Structure formats: C-alpha cells, structure tokens
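K.L.:
sequence and predicted model, in that order:
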Amino acid sequence: MTRLTAPLVRCALVLGLLLAAVGCGKAAKDQVTIMVPWTETEFQAFYAVINDFEDRYPAIDVVPQVTRDLTPQLDAAVAAKAAPDLAVLASVGAITKFRNDKVLEDLEVGTAAFIRPFRDLAMHRGDVYAVPVKADVKSLVWYDPKVVVPAPPSTWPALVADPEPWCLGLASGPTSGWPGADWIADILLAEEGITTYKDWASGAREWSSDPVARAWSMWHDVIEESDRSQASTLKFSKASKGMADSTCSLSHGALSAMDFAPGKEEKYTYARPREGQPLEVSADFVGQFTTSEHATTLIKYLATAKAQQIWVDQPGFALSPHKKVIYPDPDSAEARTAQLLRSGHPLCFSAADAMDPDVSAAFYRAVLEYVKGGELRPLLESLDRVQERLGNDDSPPSAPLCGPPNRP
C-alpha cells in the first residue's frame, strides 16, 4: 500500500502546485463598489453600461450594492466610515450635504458637455463633485390621445376650469406624499415664476404666504374630480394604470414613474407645456467617496457620451443630461421628453429635494393630511414653524436650483 499511495500523494502535491501556479498567474481583479437604488429594467440598463466598462477595463470588477432605501443606507455607511467607492446621489440636498461634510472627492471630470442646470449642480466654486447620469422631467401631464379629445390645456387655471379625473397615488414608503409635493411645486413654478420658487425652496418665503398658499389651493381644485379616498395608500407608480381602464384620464409627473406596461408607453403623450414655461426636473448623480483610482476610472467613464448612450439604448426609459446622446427613435416618448431639456424651457430642480430633509419630510406629511381633508391654513402655519426650527443653517449655498433655457 505504501508503494501505491506514495506516487498518488506526490501526484496530488504536484497537481496542487500546478493549480496554485495557475491561480497565482491570474491576477485578482480590483473591486469598485457602487451603491445604487435601481432595480429591474433600470438596473438592467445600468448593468449594460457596467458590462461595457468591464470589457474595457478587464482588471476591474464593479460590485453594485442595490438598495431602495439608499439615503439612510448611505448615511449610515458614511458615518461608520464604510462608504462605498461610489454612490448615487438623487437630490440637490444630498450633494450639498456630503460636499459640506467633506466626504465627497473632488473629481477631475469635464462637465461642459452636460445640459445646465445638471452641470451646475455637479459643481461648486469651480470644482466638480458629482456626475449626472440620468435625468427626468416632472412637469408633464400625460394622457391617452385616443381617449382625451381635445388635448388637455397647457395651463393650471385652464385645467381647473376643465376638470378631469386624475390618476392620484401618493404612497411611497417612508417618503409617501412626495408625488403631491412635486405637483404643488410644479404649480407654484408655473404660476408664480422662478424667483418665488427659489425663495420658497430656500426658506426665504413663508409657506403661509399668498403665492405658496395659492399653489396648494390650485392643486386641491385640480384634483377635485379625482378619487382621493385611497390616494394616500395607492402607490404613485401604480396610479397611472387607471389610464388603461379609463378610471382616470390624466397623470402628472415623469414618464419613468408612470409604470406603463412595457411597450405601452407609446400610446400616451403629454400636454405640451406653454412656450417658455419653467419645468421641474430631477436627476441621479454619482459621487465618489474613496480615493480608489479604479473608482475614479469608473466615474470618468460614466461621464462619457459613450456610457450614457448605452444606457439610453437599453429597453425601458432613460433621459441623459449629456448633449451628445442621440435617441434611437426620434418619435418615441423618451426622445420627445428629452427634447424638452433643450427646447428653450428654463429648468428647475425639485424644491423638496433642495430643502432640509426634516422640512421635506414635514412637507410630505402635510400633503397626505391635505388630501385627506385637512385645513390648509393650519398645515401651512405648521410648516412655517418646522422651517423656522429646523430649516435654517449656516451651510454654504448650494448650486443654482434653476438653470437658463437650453437650445439644441
């Protein structure tokens, strides 16, 4: 047995050494972590971009950390000094907060190819702190042109005068109410203008002031014919499904939030905003939290037209803030919506995203109370008290909330 076993042992040892040599010869990949909120179709489009990046840089392995509760998860990771290399920053407030906390890396990334104000928000005093990778237009009234004839009017007073049942859903987990907050902000922006909008978002104008109160009242009048009984519990992304069975006629917000069935979004269109009307927009940015050189390589890649073109070319819906991206079908809902970013409309970021998080949370709760029948004046006075107590600080001013009109 000894003579039989010894050669086998020697063979096993040699094989093990050969395997070890092969393993040592293959360099381990360097990992880059990135925290993202995207799932399903959005994540698949994002991962197509990552696949192209890994093909270009085979020594780098990108590891997504997916969470729908991104803000508190990122806050906790940063506080524990365990931040990912990169993370999505979905609001003006998030970029400002992390920049002021000095945890965002200053990036050597060119931003001239980005549409304003997406470009401006990525910068502070000439330095770049984030890269915009996705954009959205929130100031849209969607409808089925075969059902709603003629097209809905283009002003809020006219929409009040010509009432239709709206698809009304405000539920969104711990941030329930934000779809109504966006809606009210959109009305204020359209009816009162950019100066009033920025003053209100920054806390310089009281919630109980006449312009702000009028926007709330107009929203109430707009949804007068809508089913408000389940608005606070119906998920915002499910509400638009009522357009398919004619339980509601109009829907407000970004197309990416409509949750239309795949391929069915082309049956809907939006009421054309009036010429020069400021539009409420949003964006997903990516910021860098570590000094990893491979993370720097990835974020520079994400800023390129090539990367953002891949994203737009994938199934689903995505708008790019990059000027050189071309949409595959110029007649698609995606391309038509993207045109609004460069069609002479001033663009303003969502006001709630620019507010102190405690003020935004109170705003969302007040929206839910109002849609349930709460009295407006006490709600606005309560928001004034929240603003006075929590909404003012000595932080350096954030990037401009609004940008000038962009042209093709």
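P.N.:
On my side now, so go ahead. Residues are numbered from 1 along each chain as shown.
K.L.:
C-alpha from now on. contacts and neighbour counts both.
P.N.:
Noted.
K.L.:
quick check: closest non-adjacent residue to Pro117.
P.N.:
In space, Pro117 comes closest to Gly403 once its chain neighbours are excluded; the distance is 4.5 Å by CA to CA, 6 or more residues apart in numbering.
K.L.:
what count of nearby residues applies to the one you found?
P.N.:
Gly403: 20 surrounding residues under other CA atoms under 10 Å.
K.L.:
same thing with the one 5 residues further on?
P.N.:
Counted with other CA under 10 Å, residues neighbouring Pro408 total 9.
K.L.:
point out where the stretch 201-350 of the chain drops to low pLDDT.
P.N.:
259-265 (pLDDT under 70).
K.L.:
quick one, helices of it?
P.N.:
Assigned by DSSP state H, counting those that start in this stretch, the stretch 201-350 of the chain shows helices spanning 210-222, 236-239, 293-302, 305-313, 333-339.
K.L.:
residues in contact with the shortest one?
P.N.:
Outside of helix 236-239, the residues that reach it under the criterion CA atoms under 8 Å, 6 or more residues apart in numbering are 167-172, 179, 257-259.
K.L.:
before we move on, the earlier item: pipe the helices of the stretch 201-350 of the chain into TSV and attach mean neighbour count and distance to Ala79 per row.
P.N.:
Below are the helices of the stretch 201-350 of the chain laid out as TSV (neighbours: other CA atoms under 10 Å; distance: least, CA to CA, whole Å):
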stretch	mean neighbour count	distance to Ala79
helix 210-222	19	36
helix 236-239	21	31
helix 293-302	18	20
helix 305-313	20	31
helix 333-339	18	37
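K.L.:
now these as TSV including distance to Val32?
P.N.:
TSV is the format used below for the helices of the stretch 201-350 of the chain (distance: least, CA to CA, whole Å):
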stretch	distance to Val32
helix 210-222	45
helix 236-239	32
helix 293-302	6
helix 305-313	17
helix 333-339	31
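K.L.:
grab the nearest non-local neighbour of Ser226.
P.N.:
Pro165 (4.4 Å).
K.L.:
the one you found: how many residues sit nearby?
P.N.:
18.
K.L.:
which one of the helices of the stretch 201-350 of the chain lies closest to Ala45?
P.N.:
Ala45 lies closest to helix 305-313 among the helices of the stretch 201-350 of the chain, at 5.4 Å (CA to CA).
K.L.:
so the closest one versus helix 293-302, what angle?
P.N.:
Between the axes of helix 305-313 and helix 293-302, defined by axes from the mean of the first three to the mean of the last three CA atoms, to 10 degrees, the angle is 60 degrees.
K.L.:
gap between helix 305-313 and the chain center?
P.N.:
17 Å (CA atoms, centre = their mean, to the nearest Å).
K.L.:
by contact count, what packs against it?
P.N.:
Identification of packing neighbours for helix 305-313 by 3 or more CA pairs under 8 Å, 6 or more residues apart in numbering; DSSP states H and E yields helix 40-56.
K.L.:
any idea of the angle the strand ranked longest in the chain forms with helix 293-302?
P.N.:
In the chain, with assignment by DSSP state E, the single longest strand is strand 279-288. Angle between the axes of strand 279-288 and helix 293-302 is 150 degrees (criterion: the same axes, to 10 degrees).
K.L.:
send the alpha carbons of strand 279-288 over as PDB?
P.N.:
The C-alpha trace of strand 279-288 is given here as PDB (Å, rounded to 0.1, in the frame of the first residue of the first chain):
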ATOM      1  CA  LEU A 279     -40.100  72.900 -16.000                       C
ATOM      2  CA  GLU A 280     -39.400  71.000 -12.800                       C
ATOM      3  CA  VAL A 281     -36.700  68.300 -13.300                       C
ATOM      4  CA  SER A 282     -34.700  65.800 -11.300                       C
ATOM      5  CA  ALA A 283     -31.600  63.700 -11.800                       C
ATOM      6  CA  ASP A 284     -29.500  60.900 -10.500                       C
ATOM      7  CA  PHE A 285     -25.900  61.900  -9.900                       C
ATOM      8  CA  VAL A 286     -22.900  59.700  -8.900                       C
ATOM      9  CA  GLY A 287     -20.400  60.800  -6.300                       C
ATOM     10  CA  GLN A 288     -17.100  59.400  -5.200                       C
END
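K.L.:
for it, which outside residues touch it?
P.N.:
By CA under 8 Å, 6+ apart, strand 279-288 touches 85-91, 95, 104-105, 107, 118, 122, 129-139, 185-186, 189-190, 295-296, 299, 345-350.
K.L.:
again, but for stretch 150-166
P.N.:
By CA under 8 Å, 6+ apart, the list of residues contacting stretch 150-166 reads 145, 187, 191, 218, 221-227, 247-251, 271-274.
K.L.:
which among those end up buried?
P.N.:
Burial by neighbour count, judged by 16 or more other CA atoms under 10 Å, picks out 187, 191, 218, 221-223, 226, 247-251, 271, 273 from the contacts of stretch 150-166.
K.L.:
now, the most widely separated pair of those residues?
P.N.:
Between any two of the buried ones among the contacts of stretch 150-166 (CA to CA), the greatest distance is 28.4 Å, for Glu191 and Thr247.
K.L.:
how far out from the middle of the chain is stretch 205-221?
P.N.:
Distance, stretch centre to chain centre, for stretch 205-221: 25 Å (CA atoms, centre = their mean).
K.L.:
which residues are in contact with that stretch?
P.N.:
Residues contacting stretch 205-221 (CA under 8 Å, 6+ apart): 156-157, 160, 183-185, 187-188, 191-192, 196, 199-200, 371, 376-377, 380-381, 383-384.
K.L.:
returning to that earlier point: restricted to strands, list the buried ones among the contacts of stretch 150-166.
P.N.:
Per DSSP E, the buried ones among the contacts of stretch 150-166 map to strands at Ser251.
K.L.:
just give me the closest of the buried ones among the contacts of stretch 150-166 to Ile60.
P.N.:
Closest approach to Ile60 among those (CA to CA): Ser251, at 42.9 Å.
K.L.:
among the contacts of stretch 205-221, which lie within helices?
P.N.:
156-157, 160, 183-185, 187-188, 191-192, 196, 199-200, 371, 376-377, 380-381, 383-384 (DSSP state H).
K.L.:
just the buried members of the residues you listed?
P.N.:
Of all the ones in helices among the contacts of stretch 205-221 considered here, the ones buried according to neighbour count by 16+ other CA under 10 Å are 156, 160, 183-185, 187-188, 191, 196, 200, 371, 376, 380, 383-384.
K.L.:
which pair in these spans the largest distance?
P.N.:
Val160 and Asp384 (27.1 Å).
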